[in-house]
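Participant: I need the structure of the sequence given here:
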Amino acid sequence: MHKSHNVSVLMYHIVCPIKYRKAVLNQEVEKQLRLCCEMIEERYEVTFLEIGVDKDHVHYLVQSVPAISPARLVQMIKSLTARWIFEQVPRIKKLLWGGALWTSGYFIATVGRHGSETAISKYVRNQGQGKVEYRVIHQKSLFGDDGA
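Facilitator: The predicted structure is shown next:
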C-alpha cells in the first residue's frame, strides 16, 4: 500500500474454518461473504487479493498495512463477516447452534511478494481439487501482470 511517506507490502494467507466444520458455504453465503469483504476493503486498509471457499472453510489472500496486526486483521475479518452473514442469511445462525460462524482458531502465514504470492495463490485456488465444493469467489492482483 502506498502512503504519503511509506510503502508496505504485507500479505497474509488466512484460513478460517466454519464452527463445528459445518458445510454451510453455499452460493448465497459466498455472495454475502464477498460483499462484506468488499465493504471491509472500502472502510479499512485491507485488500482481498483472493477469497476461496471449500464446504467448511474459507481461504483469504489478504494485503494490509503495518498498523493492523495479523491477529487484529483476523479478528476484524471474522467478526465483521460473521455479523454481516448472520444479518443477511439468518438461517445460518440456526445451523450453527451457539451462534458463532467461525471456530475460535485460524491459520495465518505471511506471503512474500516474489514467488510466494503465486505459490500461495495457486495453493488457495487448488484447495478442494477434485471436489466440486471449492470455488474462487473473488480474485484481484495486487502487483499487476508485471509483478512490479
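Participant: Which residue is the nearest non-sequential neighbour of the residue positioned nearest the centre of the chain?
Facilitator: In the chain, the centroid-proximal residue (CA atoms, centre = their mean) is Tyr60; its distance is 2.9 Å. Excluding its sequence neighbours, the residue lying closest to Tyr60 (CB to CB, 6 or more residues apart in numbering) is Ile14, at 4.4 Å. Glycine gets a C-beta too; all of them are placed from N, C-alpha and C.
Participant: Same check on His138?
Facilitator: Nearest to His138 is Ile51, by CB to CB, 6+ apart, at 4.0 Å.
Participant: Next: Val111.
Facilitator: Per CB to CB, 6+ apart, closest to Val111 is Met11, 4.0 Å.
Participant: cool, Glu30 as well?
Facilitator: Ile137 (4.7 Å).
Participant: The helix or strand containing His138 packs against which elements?
Facilitator: Here His138 sits within strand 135-139, counting by DSSP states H and E. Contacts defined by 3 or more CB pairs under 8 Å, 6 or more residues apart in numbering; DSSP states H and E place strand 135-139 against helix 27-43, strand 46-54.
Participant: Serialize these to CSV and add fields for mean neighbour count, distance to Pro66 and mean pLDDT.
Facilitator: CSV is the format used below for the helices and strands packed on strand 135-139 (neighbours: other CB atoms under 10 Å; distance: least, CB to CB, whole Å; pLDDT from 0 to 100):
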stretch, mean neighbour count, distance to Pro66, mean pLDDT
helix 27-43, 16, 17, 96
strand 46-54, 21, 12, 94
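Participant: and the gap between the residue nearest to Tyr60 and Pro90?
Facilitator: 25 Å (CB to CB, to the nearest Å).
Participant: What of Tyr20?
Facilitator: 18 Å.
Participant: ok, these two, which is more surrounded?
Facilitator: Neighbour count, other CB atoms under 10 Å: between Tyr20 and Pro90, Tyr20 has more, with 14 against 9.
Participant: List the contacts of the more buried one.
Facilitator: Shown in contact with Tyr20 (CB atoms under 8 Å, 6 or more residues apart in numbering): 96-97, 103.
Participant: Thanks a lot, see you next time.
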